[in-house]
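In: Test case, fold it:
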Amino acid sequence: MLKIAHTICPSCSVGCGVNLIIKNQEAVGTYPYKRHPVNQGKNCEKGRNSFQILNENRLQNPLIRKNGLEQARWDETLDTIVSQIKKYSPQEIGIVASGNCTNQEYETLKKFAESLGVKNIGYNAGTFPYFNFQSATLDDVESSRTILIVGDVLKENPLLGRRVILARENGAEIISIDISANTLTGINSDEHILIESTSQLTEQVGKILPKLDESSTVLIKELESREEFENILQILQESSARILPVLKDCNSRGAMNYLPALDEDDLKELLEKVKLLYVVGDDPASHLAESMKNLEFIITQGPSVTETVLLSDVVLPGTCWAEKSGTFTSTTGTPQEISKILDAPGDAKDDVTIMIELAEKMGLELL
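Out: Model prediction:
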């Protein structure tokens, strides 16, 4: 028996609507949501393939490291975590989340950290720091007369790129800046500025500034550091152009409303100064394994096997987006609801439920 259920695509921060095709309680494909205002009945390749993460390398049971990672009961697993957390001061504990959690998970995780007195907490933000300005909307992009793009938005975020192409068809001038000469965005631009390094970005944006007015939109996709973002913002404040930072993960924009934004240097510093690490939905070992070598105890919570899971002392099997309810906030700042469509595999649990049960074991009240 087939069932089609609407949800929000988890593949990037644009926030497209997607329908999951369910057969015998398993996701087998996707179908575009025709009436969703973001993607208007179209999905990119990443959106079409988003169902696959529901079926690949899933964690189905709690694990505790004994002779390797071994399957354990939930009560034993949570008791092990509690006994370990109690061994460390709040200053020795770190908590790291990804940009793929729901807003409700961030809120609960923040309360958990505050209850423990833990200040070493944040989400993996990449190169975008916290920002609180009202960003451009997708309609702003489509109605712009000039669009400045930093990075290959058309390739990485095709449904946002579609709005750029529609603007161009309506007469907008497209200016792009990138290190690479042969980008999809560059090919579709009226002017493509090739730079040798991102250190030249600020200078180039300054040169383009006279072309930007209230009918302009600036899309920022790829940067090397948060300093570059802050420098570009300072320049753009001299114009009335609308700005849209195009964030990597589906809920990076929501995460910054609850947790500190950690760039790679921040994350590295956190990993190197704490002794116990609690990771929710992220995989720091995939790019900062060297910074984790002095950790004494690692707890990982998430839906799938990762490099961090393989290093962990305790593993808590969580849920994918289609297995829980909550909200994601798109890169334009719009919260969108997701609802549980499928049951989690095996003995995996809802992530908020895990946090609350762990807090109860600690004698903490989060609600």
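In: mind giving me the domain split of the chain?
Out: Domain segmentation of the chain under automatic domain parsing yields 2-54, 63-127+253-321+345-362, 138-245.
In: Turn those into a markdown table, including distance to T329.
Out: Yep, even glycine has a C-beta here, placed from its N, CA and C like the rest. Shown next, in a markdown table, are the domains of the chain (distance: least, C-beta to C-beta, whole Å):
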| stretch | distance to T329 |
| --- | --- |
| domain 2-54 | 8 |
| domain 63-127+253-321+345-362 | 3 |
| domain 138-245 | 13 |
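In: May I see those arranged in TSV, with distance to P335, mean pLDDT and mean neighbour count as well?
Out: Formatted as TSV, those follow (distance: least, C-beta to C-beta, whole Å; pLDDT from 0 to 100; neighbours: other C-beta atoms under 10 Å):
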stretch	distance to P335	mean pLDDT	mean neighbour count
domain 2-54	9	93	18
domain 63-127+253-321+345-362	7	97	19
domain 138-245	15	94	19
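In: which one of these lies closest to G333?
Out: domain 63-127+253-321+345-362 (6.0 Å; C-beta to C-beta).
In: Wait, T108 touches L366, no?
Out: Yes - T108 lies in contact with L366 (C-beta atoms under 8 Å); the separation is 5.9 Å.
In: ok so, going back, and of the domains of the chain, who's closest to T334?
Out: Using C-beta to C-beta and comparing the domains of the chain, the one that lies nearest T334 is domain 2-54, at 6.5 Å.
In: chain center to the closest one, what's the gap?
Out: Computed by C-alpha atoms, centre = their mean, to the nearest Å, the separation of domain 2-54 from the middle of its chain amounts to 17 Å.
In: Do a quick rundown of the helices in this protein.
Out: 45-48, 74-85, 103-116, 138-143, 153-156, 158-169, 184-187, 201-208, 226-236, 252-255, 264-273, 285-288, 307-311, 351-362 (DSSP state H).
In: would you list those in JSON lines and tack on distance to T331?
Out: Output for the helices of the chain, formatted as JSON lines (distance: least, C-beta to C-beta, whole Å):
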{"stretch": "helix 45-48", "distance to T331": "15"}
{"stretch": "helix 74-85", "distance to T331": "34"}
{"stretch": "helix 103-116", "distance to T331": "14"}
{"stretch": "helix 138-143", "distance to T331": "10"}
{"stretch": "helix 153-156", "distance to T331": "11"}
{"stretch": "helix 158-169", "distance to T331": "8"}
{"stretch": "helix 184-187", "distance to T331": "16"}
{"stretch": "helix 201-208", "distance to T331": "19"}
{"stretch": "helix 226-236", "distance to T331": "14"}
{"stretch": "helix 252-255", "distance to T331": "6"}
{"stretch": "helix 264-273", "distance to T331": "20"}
{"stretch": "helix 285-288", "distance to T331": "22"}
{"stretch": "helix 307-311", "distance to T331": "26"}
{"stretch": "helix 351-362", "distance to T331": "22"}
